[in-house]
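> I would like the atomic coordinates for the input below:
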Amino acid sequence: MESVAQKIPLEHFIVLSGVLFSIGVFGVLSRRNAVLVLMSVELMLNAVSINLVAFAVYTAPSLFVGIIFAIFVITIAAAEVGLALAVVLRVFRNRGTANIDEINTLKW
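Presented below is the predicted three-dimensional model:
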């Protein structure tokens, strides 16, 4: 039985990951809404997870090291989104906006 490493070249996963990461960076740099920035950060973290799993399958298919790291990345991303969304909602209630440019509450 053939494994995934024999069917699909590694370059396809690298290109997919690069495209997702580039879209995420563009979203972080160009968006003003905090929720859209969080979604862009999630895209970047998903690109990292794809890279971890792809390289793990191609280098050592019998070990689950890349998959375990990807699970850690997903867990950290969920915690990051939960905390950041709570902060954004609190700022929205206090200030009435979720635009990053208009928020100066955390300045000294």
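> Can you point out the buried residues in stretch 79-91?
By 16 or more other C-beta atoms under 10 Å, the buried positions in stretch 79-91 come out as 81, 88, 91. C-betas here are computed from N, CA, C, even on glycine.
> Also stretch 57-71?
Of the residues in stretch 57-71, those buried (16+ other C-beta under 10 Å) are 57-58, 66, 69-70.
> which one of these is nearest Leu20?
Ala70 (13.9 Å; C-beta to C-beta).
> Kindly list the longest helix within the protein.
The longest helix of the chain (DSSP state H) is helix 65-95.
> which helices and strands sit right next to that one?
Where contact means 3 or more C-beta pairs under 8 Å, 6 or more residues apart in numbering; DSSP states H and E, helix 65-95 is packed against helix 34-59.
> Now do the helix it packs on: distance to the chain's middle.
How far helix 34-59 lies from its chain's middle: 4 Å, per C-alpha atoms, centre = their mean, to the nearest Å.
> quick one, it and helix 65-95 angle?
With axes from the mean of the first three to the mean of the last three C-alpha atoms, to 10 degrees as the basis, helix 34-59 and helix 65-95 are set at 180 degrees to each other.
> what is the mean pLDDT for helix 34-59?
For helix 34-59, mean pLDDT is 91.
> Can you list the low-confidence ranges for this protein?
Within the chain, the stretches with pLDDT under 70 are 1-6, 104-108.
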